[in-house]
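In: Sequence first, then the predicted structure:
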Amino acid sequence: MIVNCNLVGITYLQHTHQDIPHFGVDEFRFLKGALCTIDRPITPLINHLHHNISSTHVVHHINSRIPHYRAVQATKDIKELLGDLYNYDDRDVVTAMLDAQKKCD
């Protein structure tokens with residue numbers, strides 16, 4: 001139950017933010033959707049236990065075949081390439097969760 005709540009919470013925060021748009025069927029494209037995820041470091045322990053998936057989530061959506069042990073470097077590279085299209089939020093989990101609940105429909 002704890003692991004499930006943890007994974008659901010992290011997944012929610014990787015895909016929910018007031019600045020991230022939602023697309024209809026006619027608007028959605030793979031890359032557009034992949035770029036609408038958020039890298040969010042949780043804690044060093046959680047990042048380690050989850051193979052950095054919360055802090056390398058954007059690159060995971062762009063290419064899910066990149067192995068976790070290459071994702072940190074790939075994230076650095078993609079961040080430089082994407083510039084302002086890269087989404088990152090370093091707020092603590094509780095603040096981010098409450099904010100998303102208030103501002104996202």
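Out: Received it, and whenever you're ready, just let me know what you need. Nothing here was measured: the structure is a model prediction, and the numbers come from that model. Residues are numbered from 1 along each chain as shown.
In: Any buried residues in stretch 18-37, and which?
Out: The neighbour-count check on stretch 18-37 (16 or more other CB atoms under 10 Å) flags 20, 34-37 as buried. Where C-beta positions appear, they are placed from N, C-alpha and C, glycine not excepted.
In: now swap in stretch 60-71 and tell me
Out: Using 16+ other CB under 10 Å as the test for burial, stretch 60-71 gives 60-62, 66, 71.
In: re the thing from before, between the buried residues of stretch 18-37, which sits nearest Leu81?
Out: For the buried residues of stretch 18-37, the minimum distance to Leu81 (CB to CB) is 11.4 Å, reached by Leu35.
In: Next, work out how far apart the closest one and Pro41 are.
Out: To Pro41, Leu35 is 19 Å away according to CB to CB, to the nearest Å.
In: next one: Ala96
Out: The value you get for Ala96 to Pro41, if CB to CB is used, is 11 Å.
In: More neighbours: which of those two?
Out: Ala96 (20 against 15; other CB atoms under 10 Å).
In: So what's the predicted local confidence for the nearest residue to the more buried one once chain neighbours are set aside?
Out: Of all residues not flanking Ala96 in the chain, Leu13 sits nearest, at 5.5 Å (CB to CB, 6 or more residues apart in numbering). At Leu13, the model reports a pLDDT of 89.
In: swap in the one 4 residues further on?
Out: His17 carries a pLDDT value of 88.
In: SS state for it?
Out: Under the three-state scheme (DSSP: H, G, I helix; E, B strand; the rest coil), His17 adopts coil.
In: For the closest residue to it other than its chain neighbours, which residues are in contact?
Out: In space, His17 comes closest to Ile38 once its chain neighbours are excluded; the distance is 5.4 Å by CB to CB, 6+ apart. Counting by CB atoms under 8 Å, 6 or more residues apart in numbering, Ile38 makes contact with 13-15, 17, 20, 57-58, 87-89.
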